[in-house]
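[1] sequence and computational prediction follow.
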Amino acid sequence: MNKFYLMPERVDKSQSAKNQQIQLFKETVIEIKDIAIKVEIEVDEVNEALLFSSLGIDFLKYKEAGVRTDMLSLLEKDVYQSEGLTVSEKQALIDTISTERDKLASLQENILAGSYVPEEKTMK
């Protein structure tokens, strides 16, 4: 099992081990969606980033969505490999992961199409 789970402190320790594991997977999906990720342009990505920039596309936002997708794929692998969960429990978790991965794929498509509009942060 990968040990990149981000929010084990959110797991209710009074639950059974199985329910704790399910809750940990669910909390990790939420955290992958919400965590601030700082991505940088690697040396081998400079040309791609320049191309994106010349087209008015936010390369870093596109890459961030890819990193989140990769994290979800690792989580999905852990769900498949988890012992103690039934097939239906695993499938429910995988469905949740797939939904989030689909949203990220749609985000990347919108970024490439130029139809992505960043959410504006409101000041309170």
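    Yep, it's here. Remember, it's a predicted structure, so these values are computed and weren't measured experimentally. Numbers count the residues shown, from 1 in each chain.
[2] make it CA atoms for all contacts and neighbour counts henceforth
    Noted.
[3] what ranges do the helices span in the chain?
    With helices called from DSSP state H, the chain shows them at 17-34, 46-54, 59-81, 87-113.
[4] now do the second one against helix 59-81, angle only.
    Meaning helix 46-54. 120 degrees (axes from the mean of the first three to the mean of the last three CA atoms, to 10 degrees).
[5] touching, S53 and K61? I think so.
    No: the pair S53 / K61 is not scored as a contact, 11.7 Å apart, by CA atoms under 8 Å.
[6] among these two, which residue is more densely surrounded?
    Comparing S53 with K61 by other CA atoms under 10 Å, the one with more neighbours is K61, at 18 against 13.
[7] so how far is K38 from that one?
    Taking CA to CA, to the nearest Å as the measure, K61 falls 10 Å from K38.
[8] how about a markdown table for the helices of the chain, with mean pLDDT and distance to E9 added?
    Shown next, in a markdown table, are these (pLDDT from 0 to 100; distance: least, CA to CA, whole Å):
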| stretch | mean pLDDT | distance to E9 |
| --- | --- | --- |
| helix 17-34 | 92 | 9 |
| helix 46-54 | 96 | 37 |
| helix 59-81 | 96 | 18 |
| helix 87-113 | 97 | 19 |
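[9] in CSV: those helices, plus distance to V11.
    Listed next are those as CSV, based on distance: least, CA to CA, whole Å:
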stretch, distance to V11
helix 17-34, 6
helix 46-54, 39
helix 59-81, 16
helix 87-113, 16
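[10] so what's the residue count around D34?
    10.
[11] ok, it to K61 distance?
    Computed as CA to CA, the D34 to K61 distance reads 14 Å.
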